[in-house]
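**Student:** Curious how this folds, go ahead:
(2 chains)
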Amino acid sequence: MGLGDWLNTIGLVVIAFVFIFPILWTVMMSLKTRVDALAMPPTWLFVPTFEHYVTVWNEGSLLTYATNSLVIALASTALGLVLGVPAAYALARMEFRGQRFLLLGILSTRMIPPVAFIIPFFIIFTGLGLKDTYTALVIVYLTIILGFVIWMMRSYFLDIPRELEEAAMIDGCSRWGTFLRIILPLALPGLATSAIFSFIFSWNEFLYAMVLTARYAKTLPLGIYNWVSYEEVKWGELTAAAVMAMLPVVIFYLFVQKALVRGLTMGAVKG
Amino acid sequence: MPRPVAALRQWLLPASFLAPALIVLVAINVVPLFYTVTTSFEDYYLPKVASRHFNGLGNYAELLADDRFWGALGRTLLFVTVALAIEVALGFGVALMLIRQKRLVGLLRGFILLPIIITPIAVTFVWRLMFSPTLGLLNYFLSFIGLGPLEWIYSPEQAMPALILVEIWQHTPELMLIIFTGLLTLPKEVIEAAVVDGARASQIFFAIKLPLLRPILMVGVLFRTIDLFKTFDLFYILTRGGPGVSTETLAVYTYTVGFSFLRLGYGSALALVLFLIILAASFLIVRWGDVRLG
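**Tutor:** Sure thing, here's the model as predicted:
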């Protein structure tokens, strides 16, 4: 390795450190006793404690919020896939008028800011008696997930060679039969990626959950937000709550890292 | 088969795949958006629902004369352009370093990309800790080089730069990844040929790599721009638009008008203006950037 390569490596290690340090520091903070946490200059070596995790778990009914988040994220992801995947297939493989218009229309739903949706959804759901229910959040999360799934899956379907379906259809398979039996199994990686991204979106969402839930359907980000509102100084609990919210997403991240660029661009850039 | 029947069949097949998704898309996107449009023409004060009435362009006239709206618009544009410019520049820098790296590429990449997916609420906690006046590590680090202490999000002058710092920390990796992916797909022969012809590194970058990268880069710029305009959690949780209105963007102001002032009509007008700005910005990027999306 030449000098340039060494400098490049050192530079990248420093950059990587800048990006993960705040996260690491938060994790460390969540494991410190109150005395260690308030020390300045900061203590870098300390005996870890899990007391804050226990406190947060017991006091904040975090398990309920986590369950709500899980149910809502799974339901919106499942619905997004069931509705979006066949549509994506049609947009990838069939010729019909208005196709381009439809694709751009679906893309433009991504441009609607959530603040433009909260007022109508707030009024509509209040009118329907759906405020503070799982249904409300599942519906609202579909506004992002459905368009996302359609664009993502379309890009995966475009990658599958046409010959495979042509062969199946010559053998007498119907279009739906071909789609379900031949194409879907081949698009499994795409389905997994779309599902994980949809799940992460629902899991992380804050604004809709804040406006549309009150008690029963409160999700994890809101449960954690409570620690800001009334206990400003309890850094241990605050950071423990933050770590618990990050954890599932980080685990999922390990699975979708390869497809990250595709997810970020709704399938437009392939890794 | 007679022609109309054939035409119907040709239309029915795609419809069987598309219809469920389209019906839902219309119901959950078009209907609420339409509702926002009609509400934006109304005087609708939530505590006095009974006196809700059609107000024509009243909300839009008010908006034009509202200094707080213009201030929020200015801050939004500032936030979006500054953050985007820095993210593109840094993203390029890191991507170019990563592409010449031979060892540990996967590991380094994995660490750098991590902030992208972290729950925004957790990100705001992380940075609240970093900015803290008593426990903040940023001031502690600055003291080593004889600087600070800074007030970060707690001062009207420093709050916006501090929020931009958080934003670029979380989302530079996104553009870095897109540029990195683009660099991987560049045709090696073209670049090698240029090297053989004696082109300098800077010439190769500006005359060959950059133009070839443009379509992919612009896809990244498009999505980043949309999301920057929509940014809400960061502002709401870290500063609530404060101190004063120093970090109040359009998204935050719209929320405040709708859910603190409970003026749903005026809030709807503000929300639509934000949507139109995002649409216009996206249109310009797609046009100028030669973006091929599908």
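
**Student:** Could you give the number of residues near B:Pro156?
**Tutor:** Residue crowding around B:Pro156 was assessed by other C-beta atoms under 10 Å in any protein chain shown; the count is 14. No exception for glycine: its C-beta is placed from N, CA and C like everyone else's.

**Student:** So it lies in a strand, does it not?
**Tutor:** No - if the criterion is DSSP: H, G, I helix; E, B strand; the rest coil, then B:Pro156 is coil and not within a strand.

**Student:** B:Ala162 versus that one, what's the distance?
**Tutor:** Relative to B:Ala162, B:Pro156 is positioned 11 Å away (C-beta to C-beta, to the nearest Å).

**Student:** repeat for B:Gln170
**Tutor:** Distance from B:Gln170 to B:Ala162, counting by C-beta to C-beta: 13 Å.

**Student:** One more: B:Phe229?
**Tutor:** With the distance defined as C-beta to C-beta, B:Phe229 ends up 20 Å from B:Ala162.

**Student:** Equivalent analysis for B:Leu90, please.
**Tutor:** Distance, B:Leu90 to B:Ala162, using C-beta to C-beta: 17 Å.

**Student:** C-terminal to the helix or strand hosting A:Leu247, what's the next element?
**Tutor:** Following DSSP states H and E, one finds A:Leu247 within helix A:235-256. Remark: after helix A:235-256, the chain's next helix or strand is helix A:260-264, criterion DSSP H and E.

**Student:** does that next one come close to chain B?
**Tutor:** Yes - using C-beta under 8 Å from any C-beta of the partner chain, we find that helix A:260-264 touches chain B at A:260-261, A:264.

**Student:** How many residues are close by the closest residue to B:Leu279 other than its chain neighbours?
**Tutor:** Counting by C-beta to C-beta, 6 or more residues apart in numbering or on different chains, A:Met111 is the residue found nearest to B:Leu279 once chain neighbours are left out, at 5.6 Å. Around A:Met111 there are 23 other residues, counting by other C-beta under 10 Å.

**Student:** domain parsing for chain A?
**Tutor:** The record's domain split for chain A, according to automatic domain parsing, is A:1-49, A:52-264.

**Student:** For the last one, what does the pLDDT average out to?
**Tutor:** By that I understand domain A:52-264. Across domain A:52-264, the average pLDDT comes to 89.

**Student:** CSV please, covering the domains of chain A and showing distance to B:Gly242.
**Tutor:** Formatted as CSV, the domains of chain A follow (distance: least, C-beta to C-beta, whole Å):
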stretch, distance to B:Gly242
domain A:1-49, 22
domain A:52-264, 14
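
**Student:** Point out the most buried one among these.
**Tutor:** domain A:52-264 (a mean of 19; mean count of other C-beta atoms under 10 Å in any protein chain shown).

**Student:** Endpoints of it, how far apart?
**Tutor:** Here the two ends of domain A:52-264 are set 34 Å apart, with distance taken as C-alpha to C-alpha, to the nearest Å.

**Student:** And for stretch B:201-217?
**Tutor:** Using C-alpha to C-alpha, the gap from the first to the last residue of stretch B:201-217 comes to 20 Å.

**Student:** pretty sure A:Gly190 contacts A:Tyr156?
**Tutor:** Yes - here A:Gly190 lies in contact with A:Tyr156, judged by C-beta atoms under 8 Å, at a distance of 3.1 Å.

**Student:** from the chain's centre, how far out does stretch B:138-155 sit?
**Tutor:** 28 Å (C-alpha atoms, centre = their mean, to the nearest Å).

**Student:** Mind listing what's buried along it?
**Tutor:** Under the neighbour-count criterion of 16 or more other C-beta atoms under 10 Å in any protein chain shown, stretch B:138-155 has B:138-139, B:150-153 buried.

**Student:** Regarding the chain, what is its longest helix?
**Tutor:** By default, I'm working from chain A. In chain A, assigned by DSSP state H, the helix with the most residues is helix A:62-93.

**Student:** that answer is for a different chain, and I need it for chain B
**Tutor:** Secondary structure assigned by DSSP H gives helix B:67-100 as the longest helix of chain B.

**Student:** can you give me the helices in the stretch 151-294 of chain B?
**Tutor:** Taking DSSP state H, counting those that start in this stretch as the criterion, the stretch 151-294 of chain B contains helices spanning B:159-184, B:188-196, B:201-203, B:210-230, B:233-238, B:250-259, B:264-289.

**Student:** Of all these, which one is nearest A:Thr126?
**Tutor:** If you check each of those against A:Thr126 by C-beta to C-beta, helix B:264-289 wins as the nearest, at 11.1 Å.

**Student:** What is that closest one packed up against?
**Tutor:** Helices and strands touching helix B:264-289, by 3 or more C-beta pairs under 8 Å, 6 or more residues apart in numbering or on different chains; DSSP states H and E, are helix A:114-128, helix B:31-39, strand B:42-43, helix B:58-64, helix B:67-100, helix B:210-230, helix B:250-259.

**Student:** dump the residue contacts of the residue lying closest to B:Pro243 once chain neighbours are set aside.
**Tutor:** Nearest-residue entry for B:Pro243: B:Pro156, 4.8 Å, with adjacent residues in sequence omitted and distances by C-beta to C-beta, 6+ apart. Contacts of B:Pro156 were listed using C-beta atoms under 8 Å, 6 or more residues apart in numbering or on different chains, and they are B:242-244, B:246.

**Student:** which of these count as buried?
**Tutor:** The neighbour-count test (16+ other C-beta under 10 Å) applied to the contacts of B:Pro156 identifies B:242-243, B:246 as buried.

**Student:** any idea which of the residues you listed is the one closest to chain A?
**Tutor:** Checking those against chain A with C-beta to the nearest C-beta, the nearest one is B:Gly242 at 14.4 Å.

**Student:** Wait, that closest one touches B:Leu163, no?
**Tutor:** No - using C-beta under 8 Å, B:Gly242 is not in contact with B:Leu163, being 11.1 Å away.

**Student:** Now do the contacts for residue 76.
**Tutor:** You didn't say which chain, so I picked chain A. A:Ser76 makes contact with A:137-138, A:141-142, A:145, A:198, A:202 under the criterion C-beta under 8 Å, 6+ apart.

**Student:** Please refer instead to chain B.
**Tutor:** Under the contact definition (C-beta under 8 Å, 6+ apart), the residues listed for B:Thr76 are B:229, B:249-251, B:274, B:277.
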